[in-house]
Each structure stands twice: as structure tokens, then as C-alpha cells.
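Peer 1: need a 3D model of the following:
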Amino acid sequence: MIFNELEKFRNDLFKNIYESNKSISEAVSYAPNQLLKSLQNNGFTNNIVNESSDKLTTFNYSEMVKYLGKNKHKIDDFCIGDHPDFKNVIGNHDSLNHYSVSCFIDIAGSTDMNNRLSLTNIRYIKDSILTLCIYVANFFGGHIHRLQGDGIFIQFVRKDRNHLDSIINSLNAASFILRTVNDLINPTFKVKGLGEIQLRAGIDYGSKDKVLWSHFGIPNCSELTTTSFHTDSAAKLQSKAKPDQIIIGDNICKELDLPSNLVEKKGDKILEYKYYLFKHLDYLNSFSFLYFPNATKNSIQLKKSEYTLQCNVKDESNSKYWENSYSIPKEKNIKFTLLHNGQKINIERFEFINWFVKNTGKEAKKANKIDIDLELINSDSCNVVASFLGHHKAICEFKAKDNHRKEVIEFPIFVQ
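Peer 2: Residues are numbered from 1 along each chain as shown. Okay, the predicted model is just below:
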């Protein structure tokens with residue numbers, strides 16, 4: 001989530017809860033609504049149903065769409081258990097090979113809460129966090145397969161759709177979920193002696209030939225799930241993660257050819273399978289509308305700028321591409337346009353406009369196409385062709401005549 005009014009949230013929580021002689025139990029029960037209000041103030045949630053509710057009951061997808069676009073993998077209806085794409089396709093005695101991305105998220109060190117808080121308080125904390133996970137995962141096309149105590153198992157897969165998009169969705173969801181809890185919940189709870197609440201996540205991808213979908217159990221008492229090393233490994237990767245970390249399997253890293261600035265190889269292996277720390281803070285920082293105001297990266301903020309870049313993939317509908325939203329097929333033409341307050345710019349107002357491309361990955365390195373100067377002179381847009389697997393950036397450097405400093409905007413994309 002994007003939170004540029006955290007101080008207001010903390011102050012409101014302090015004033016309305018702790019200074020009003022409410023008990024800790026009442027404070028925790030009230031926290032979900034305060035969280036919802038704070039998200040609303042920052043443009044990411046809708047209004048609550050009533051003050052006394054102890055659950056996050058609504059979520060404003062339209063404001064998420066404003067920054068992240070509509071996710072084509074999103075499942076329309078909330079559900080848990082059997083994946084809606086497969087439950088009517090696979091019978092009780094049938095099976096199907098199909099890819100899946102498995103994501104496990106839980107509260108790190110939740111056992112310690114039993115020594116500090118009442119069962120009622122623990123219940124409110126867990127319910128608030130799991131509810132937040134459900135909303136955010138659903139926005140990014142995730143299906144909630146199971147709630148497990150203080151954890152959640154999410155499947156990122158849509159039948160017969162591109163698997164790279166599901167991988168990207170899983171990374172986006174986990175990154176935003178972890179940052180939400182860190183930025184909103186932790187500061188207030190830590191100051192008031194409730195300790196930090198931090199999440200950890202494990203994610204892995206299994207290809208079609210490595211994942212078998214089928215029912216376990218007997219009719220009327222069964223579960224449609226996956227048999228795969230990579231489903232099991234995602235849970236193990238979660239256990240390897242430290243608080244506020246996302247650990248990903250080697251398949252995730254390979255399939256997207258993630259650059260070294262976003263991953264860090266860990267020392268040991270799980271059954272000879274490599275895994276990596278996904279640097280989700282650096283990844284979130286790649287979004288042009290987000291930034292960390294200090295080097296400690298302890299709070300993410302919404303960057304407000306008059307100038308933005310718009311990306312369009314030239315297809316039948318000249319569709320708009322939202323940052324880090326999905327993988328663009330190779331050979332697609334891509335257009336980046338510099339906008340001022342959402343409108344086309346007046347070239348005469350600028351001293352210079354320069355365009356560059358920063359590619360990553362083995363394919364770009366082999367072609368010696370990592371850093372590219374497009375050599376355009378004062379153009380309000382640039383056109384490129386999706387050519388290499390990886391996470392890349394279009395970069396626009398410019399200086400308006402009424403501004404004393406040069407500005408730089410980067411726009412990140414994935415190419416399949």
C-alpha cells in the first residue's frame with residue numbers, strides 16, 4: 001500500500017485509543033478500522049461499514065487501479081479452497097498437469113505473542129493481517145487456497161494463461177503486503193509496547209510437467225490441491241525467511257531472469273535446490289510513484305510529481321502498460337511518452353529531453369545491449385521493441401526551462 005500520512009495515523013490511533021482509557025483489548029479490536037481509515041486517507045481503501053466493526057470489510061480497488069492498473073488475472077469472486085479455474089475441470093478421480101505459483105505468508109515469531117497478549121488480542125491481530133492479505137492477494141490475481149493459523153497459502157495461477165504473469169503477481173502481492181504491515185502496524189504497536197509484527201514469505205514456481213493438480217480425500221471431504229516439489233518448497237522457503245523477508249525459489253529467479261540488484265543468493269540449498277532473498281524494498285523502489293525518504297527504508301511514501309511516463313504496448317488496442325504489471329511478449333513495439341499533469345508536453349518549454357534504456361538479464365548481456373542511448377533529440381516520446389527476457393527500464397532525463405535542475409523518471413517493465 002502507499003502511505004503518505006503515517007504520522008496522522010499514528011497520532012489518531014494514540015489519541016482515539018490509548019488516550020481515551022480504552023483497554024488494550026479494545027485498542028486492538030479498534031485497530032483494523034483505524035488501518036482501514038488510514039488506507040482510505042491515502043487513497044487505497046473505501047469507507048468502513050461502522051465504527052464498531054472489528055474486521056476490514058471493504059477495499060477500494062478503484063484507487064489501487066489508479067496506480068497499478070486493472071489486473072487481468074484478478075478473480076472476480078472471493079473464495080477459499082478449490083481454485084475456481086480447476087474445480088469444475090478436474091473430477092474426484094482425475095488429475096491435470098498445469099503450472100502453479102505457490103506463496104506462503106505467515107507472522108514471524110507469532111508464538112511469542114501467546115506470552116504477551118490475550119487470546120482475544122491475538123485473534124484481532126491475526127484476523128486483521130489475514131484479511132489484508134486476502135484483499136491484496138485478490139487484487140493481484142491470487143487465490144486463497146488455505147488459512148493456516150497465523151498464515152495463508154495463496155495460489156497464483158490462471159488456467160492456460162502466461163505463467164510469468166503469475167510469478168510477477170506473486171512478487172507484487174507479497175511485496176505490498178509485507179510493506180503494508182511494516183509501515184502501518186509496526187510503528188504504533190512498537191511504541192505502545194505490543195512489539196513488532198512482521199511477516200515472512202516463501203514463493204516458488206512449478207512448471208506444467210512438475211505440478212499435478214488432483215483431489216485428496218474422499219467425496220464430500222476432499223481438497224483440490226497440487227502435488228509438486230515446488231509447492232512443498234514454497235513452505236520450506238517461508239521457514240527460511242527472516243522477519244520482513246521474501247525468499248524465492250531458483251525457478252522464480254530463472255523464469256524472470258531477475259537482476260542481481262533484486263535478488264541475493266543464499267548460502268545453503270533445499271535438496272540441491274537454490275533459493276534467493278528477494279529484495280522487495282528495492283523492487284518497490286523501482287516503481288516511479290514510490291520512494292523511501294531516508295536511507296533506512298523504514299517508510300515508503302507516494303511520490304508526487306508533475307511529470308510522469310506513460311507506457312503503451314502497440315497491439316490491437318494500443319493497451320496501456322502499468323509498471324511491473326505483466327510480462328510483455330517479445331517483438332512487441334512499446335511507446336513511452338512524457339506527460340505533464342497527465343497531458344502531452346509542450347516541447348518548447350524544455351531545454352533538453354533525453355531517452356535511455358537500461359536492460360538486464362543474460363539475453364541483453366549476450367547481445368551487448370545493457371545500456372542504450374536512444375539518441376533522440378528533444379522528443380516527447382520514444383519507441384522500442386521488446387527484445388530480451390528480464391526486468392528493464394526506460395529512462396527519461398529532461399530539464400524544463402522554468403526549472404533549475406534536471407529531472408529523471410524511470411519506468412520499469414518485464415519482458416518474457
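
Peer 1: so what's R146 up against?
Peer 2: By CB atoms under 8 Å, 6 or more residues apart in numbering, the contact list for R146 reads I80, G81, I152, F153. Where C-beta positions appear, they are placed from N, C-alpha and C, glycine not excepted.

Peer 1: adding neighbour count and distance to K236, write these out as TSV.
Peer 2: Output for the contacts of R146, formatted as TSV (neighbours: other CB atoms under 10 Å; distance: CB to CB, whole Å):
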residue	neighbour count	distance to K236
I80	12	23
G81	14	23
I152	25	16
F153	21	13
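
Peer 1: quick check, nearest of these to T308?
Peer 2: For the contacts of R146, the residue nearest T308 by CB to CB is I152; the value is 33.8 Å.

Peer 1: helix/strand/coil for that closest one?
Peer 2: What DSSP: H, G, I helix; E, B strand; the rest coil gives for I152 is strand.

Peer 1: so it sits against I107, correct?
Peer 2: No. I152 is not in contact with I107 according to CB atoms under 8 Å; the separation is 10.0 Å.

Peer 1: in contact with S379, which residues?
Peer 2: Counted by CB under 8 Å, 6+ apart, S379 has contacts I353, W355.

Peer 1: taking the contacts of R146 together, which two end up most distant?
Peer 2: Largest separation among the contacts of R146 by CB to CB: G81 and I152, giving 12.9 Å.

Peer 1: what stretches of this structure score poorly on pLDDT?
Peer 2: For the chain, the stretches flagged by pLDDT under 70 are 1-60, 185, 188-189, 192-194.

Peer 1: so how many other residues sit close to E375?
Peer 2: The number of residues packed near E375 is 8, by other CB atoms under 10 Å.

Peer 1: hang on, isn't H392 packed against F356?
Peer 2: No. Using CB under 8 Å, H392 is not in contact with F356; the gap is 11.0 Å.

Peer 1: who has more neighbours out of the two?
Peer 2: Set side by side, H392 and F356 show more neighbours around H392, with 26 against 18, by other CB under 10 Å.

Peer 1: burial measure for P412, as a count.
Peer 2: By other CB under 10 Å, 18 other residues sit near P412.

Peer 1: if you could redo that for K70, that was the one I meant.
Peer 2: Neighbours of K70 under the rule other CB under 10 Å: 13.

Peer 1: mind checking the SS state of I122?
Peer 2: Applying three-state DSSP: I122 is helix.

Peer 1: which residue ranges of the chain form helices?
Peer 2: Ranges of helices in the chain, per DSSP state H, are 6-16, 24-41, 61-68, 113-116, 119-139, 163-180, 186-191, 229-240, 250-256, 280-285, 362-366.

Peer 1: single out the most deeply packed of the ones you listed.
Peer 2: Compared across the helices of the chain, helix 163-180 shows the largest average neighbour count, a mean of 25 (mean count of other CB atoms under 10 Å).

Peer 1: so that helix versus helix 119-139, what angle?
Peer 2: Interaxial angle, helix 163-180 versus helix 119-139 (axes from the mean of the first three to the mean of the last three CA atoms, to 10 degrees): 150 degrees.

Peer 1: now the angle between helix 229-240 and helix 163-180, please.
Peer 2: Counting by the same axes, to 10 degrees, helix 163-180 lies at 20 degrees to helix 229-240.

Peer 1: what residues are up against N324?
Peer 2: By CB under 8 Å, 6+ apart, N324 lies in contact with I168, N172, Y283, S286, F287, H391, P412, I413, F414.

Peer 1: mind listing what's buried along stretch 395-405?
Peer 2: Within stretch 395-405, the residues that count as buried by 16 or more other CB atoms under 10 Å are I395, C396, F398, A400.

Peer 1: pull the most distant pair out of the residues you listed.
Peer 2: Maximum pairwise distance in those, criterion CB to CB, is 17.0 Å, between I395 and A400.

Peer 1: pick out the residue nearest the middle of this protein.
Peer 2: Nearest to the mean C-alpha position of the chain, by CA atoms, centre = their mean, lies N172 at 2.0 Å.

Peer 1: please name the nearest non-neighbouring residue to that residue.
Peer 2: The shortest distance from N172 to any non-neighbouring residue, by CB to CB, 6 or more residues apart in numbering, is to F140 (5.1 Å).

Peer 1: tell me how many other residues crowd the one you found.
Peer 2: F140: 25 neighbours (other CB under 10 Å).

Peer 1: wait, it sits on L171?
Peer 2: No. Using CB under 8 Å, F140 is not in contact with L171, being 9.0 Å away.

Peer 1: kindly report the domain assignment for this structure.
Peer 2: Listed by the TED database, the domain ranges of the chain are 53-302, 307-415.

Peer 1: the residue lying farthest from the centre of the chain and H340, how far apart?
Peer 2: Relative to the C-alpha centroid of the chain, counting by CA atoms, centre = their mean, E348 is the outermost residue, at 38.5 Å. To H340, E348 is 12 Å away according to CB to CB, to the nearest Å.

Peer 1: which among the buried residues of stretch 395-405 gets closest to I270?
Peer 2: Minimum distance to I270 across the buried residues of stretch 395-405 is 37.5 Å, recorded for I395 (CB to CB).

Peer 1: quick check: bridge partners of the closest residue to the closest one other than its chain neighbours?
Peer 2: Once flanking residues are discounted, I395 sits nearest to F356: 4.2 Å by CB to CB, 6+ apart. Here F356 sits in beta bridges with D373, I395, going by DSSP bridges.

Peer 1: F356 contacts L374, correct?
Peer 2: Yes. Counting by CB under 8 Å, F356 does reach L374; the two are 6.4 Å apart.

Peer 1: list just the one of the helices of the chain that sits closest to L262.
Peer 2: Of all those, helix 280-285 sits nearest to L262, with 5.5 Å by CB to CB.

Peer 1: got a list of contacts for the closest one?
Peer 2: Residues contacting helix 280-285 (CB under 8 Å, 6+ apart): 171, 174-176, 178-179, 246, 261-262, 290-292, 297, 300, 324.
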